[in-house]
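Peer 1: I would like to see how this sequence folds:
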Amino acid sequence: METATDLKKTPLTHVHEALGAKLVPFAGYLMPVQYSGVNDEHLTVRNSVGMFDVSHMGEFLVRGPGALDLIQKVTSNDASALVPGKVQYSCMPNGKGGIVDDLLVYRMEHGDDKHYVLVVNASNMKKDWDWITAHNTFDAQLEDISDRMALLAVQGPKAVDTLKGLFAEDIASMPYYTAMYAEMKGVGLVLISTTGYTGAGGYEVYVPNPLAEKAWNAVMVAGAPYGIKPCGLAARDTLRLEMGFCLYGNDIDDSTSPIEAGLGWITKFTKAFMDGDRLKEQKEKGVARKLVGFEMIDRGIPRHGYPIVDAAGAVIGTVTSGTQSPSLQKGIGMGYVPVALSKPGNEILVDVRGKALKARVVKIPFLTNAS
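Peer 2: This is a model prediction of the structure:
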């Protein structure tokens, strides 16, 4: 078991402590799980603007003549479609029908430096690095900059108003899933992208560690007129779940295929890639189970690991993520069920602490009016 002394800290841990955040072990880091409370932070992001320290995420640079070839081999999406400044969601198949990790792929240029940035999950950093390195039979140079970079997620409809005064560049007109290097006033050079894990709109700002506290303070000052609040990982989880975004280790893992998980849209068969033939066969012939979203009909909160059962009580699936939705004020979740039950409108039963409670399969995102 991890002890506090084993845990890594982000460059902002002391800031969170001073703000009274509740800190918990997460993916080898000491991370803020909440400040004012999950519901308050969640609704602040949905309605205005909140900021998350997600510096635990991993960042790998890929350069050189073979950079694209390597990325094309290990990821499911088609990175050849990326132009400089564009970002892509993708995953890395594991050669056995499962997923090593899901990730973001950035194609970037800074002066003469042409490179890709791979942003991976904190809990998978070493596994991902080893996997990509093992498959680097191309002329690609890899650099792990995870321990040198902080990452601030400034999310919500007022994120653009909060940040636009901190940059000379017109960040307000950046399309979704684009990125650029820019000078942040009073801070220095950062990488800013119109990405996030909340469905509320906003930006993610990659900052060298020595500049992290300056950047955090600058955003808090700029966001004060809009009621900005620091937010923790618990609200990040409820926000992403309302959008039906997969969480690695819950909804996808080494045993789930992208086709089962509804990630066919990031699985492109116009190129050769790891597991491509197997996944193409799954897409053509169909799979036995699918990841679905569901809303509780009966009162109850579904949680990760709860069984999904049939009328006789036999287990037919598992809840992979679940919560009480702060926006919808009802229990929502995701889980794998047999394909025959995967259509929206079908009723399923969730075993909540020994009681079989009714739920209905629904289309995701759960929250349809989010940006």
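Peer 1: Please make it C-alpha for all contacts and neighbour counts, starting now.
Peer 2: Noted.
Peer 1: those helices in the chain, which residues are they?
Peer 2: 13-18, 38-47, 67-74, 125-134, 159-163, 212-223, 233-242, 276-285 (DSSP state H).
Peer 1: who's in contact with the fifth one?
Peer 2: Contacts of helix 159-163 with the rest of the structure, by Cα atoms under 8 Å, 6 or more residues apart in numbering, involve 48, 49, 50, 171, 172, 201, 202, 203, 219, 222, 223, 226.
Peer 1: just how off-centre is that helix within its chain?
Peer 2: Chain-centre distance of helix 159-163: 21 Å, with Cα atoms, centre = their mean, to the nearest Å.
Peer 1: Repeat that for stretch 311-324.
Peer 2: 23 Å.
Peer 1: what's the answer for stretch 190-206, then?
Peer 2: Per Cα atoms, centre = their mean, the centroid offset for stretch 190-206 relative to its chain is 11 Å.
Peer 1: hmm, who's touching it?
Peer 2: Contacts of stretch 190-206 (Cα under 8 Å, 6+ apart): 45-46, 149-160, 174-184, 207-208, 236, 239-240, 243, 245, 370-371.
Peer 1: residues in contact with the residue lying farthest from the centre of the chain?
Peer 2: Here the centre of the chain is the reference, and by Cα atoms, centre = their mean the most remote residue is residue 312, at 36.3 Å. By Cα under 8 Å, 6+ apart, the contact set of residue 312 is empty.
Peer 1: From residue 99, how far out is it?
Peer 2: Applying Cα to Cα, to the nearest Å, the value for residue 312 to residue 99 is 33 Å.
Peer 1: so who does the spatially closest residue to residue 335 that is not a sequence neighbour touch?
Peer 2: Excluding the flanking residues, the one nearest residue 335 by Cα to Cα, 6 or more residues apart in numbering is residue 319, at 4.2 Å. Neighbouring residues of residue 319 by Cα under 8 Å, 6+ apart: 302, 303, 304, 305, 306, 307, 308, 333, 334, 335, 336, 350.
Peer 1: could I get these as a markdown table with pLDDT, neighbour count and distance to residue 33?
Peer 2: Converted to a markdown table, the contacts of residue 319 look like this (pLDDT from 0 to 100; neighbours: other Cα atoms under 10 Å; distance: Cα to Cα, whole Å):
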| residue | pLDDT | neighbour count | distance to residue 33 |
| --- | --- | --- | --- |
| 302 | 98 | 28 | 20 |
| 303 | 98 | 22 | 17 |
| 304 | 98 | 16 | 17 |
| 305 | 98 | 15 | 21 |
| 306 | 98 | 20 | 23 |
| 307 | 98 | 24 | 26 |
| 308 | 98 | 24 | 28 |
| 333 | 98 | 28 | 20 |
| 334 | 98 | 28 | 22 |
| 335 | 98 | 26 | 24 |
| 336 | 98 | 23 | 27 |
| 350 | 98 | 30 | 27 |
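Peer 1: Of those residues, which is the nearest to residue 29?
Peer 2: residue 304 (21.6 Å; Cα to Cα).
Peer 1: just checking, residue 238 touches residue 321?
Peer 2: No: counting by Cα atoms under 8 Å, residue 238 stays clear of residue 321, with 9.6 Å between them.
Peer 1: what residue ranges in the stretch 251-371 of the chain score low on pLDDT?
Peer 2: Within the stretch 251-371 of the chain, the ranges that satisfy pLDDT under 70 run 369-371.
Peer 1: so residue 233 makes contact with residue 34?
Peer 2: Yes: with contacts counted by Cα under 8 Å, residue 233 reaches residue 34, the gap being 6.7 Å.
Peer 1: higher neighbour count, these two?
Peer 2: For residue 233 and residue 34, the more surrounded residue by other Cα atoms under 10 Å is residue 34, and the numbers stand at 23 against 20.
Peer 1: thought the more buried one was touching residue 19?
Peer 2: No: assessed by Cα under 8 Å, residue 34 is found out of contact with residue 19, at 10.5 Å.
Peer 1: Got the domain ranges for the chain?
Peer 2: By the record's domain assignment, the chain is partitioned as 13-54+148-242, 288-362 (automatic domain parsing).
Peer 1: Give me the neighbour count for residue 265.
Peer 2: Residue 265: 12 neighbours (other Cα under 10 Å).
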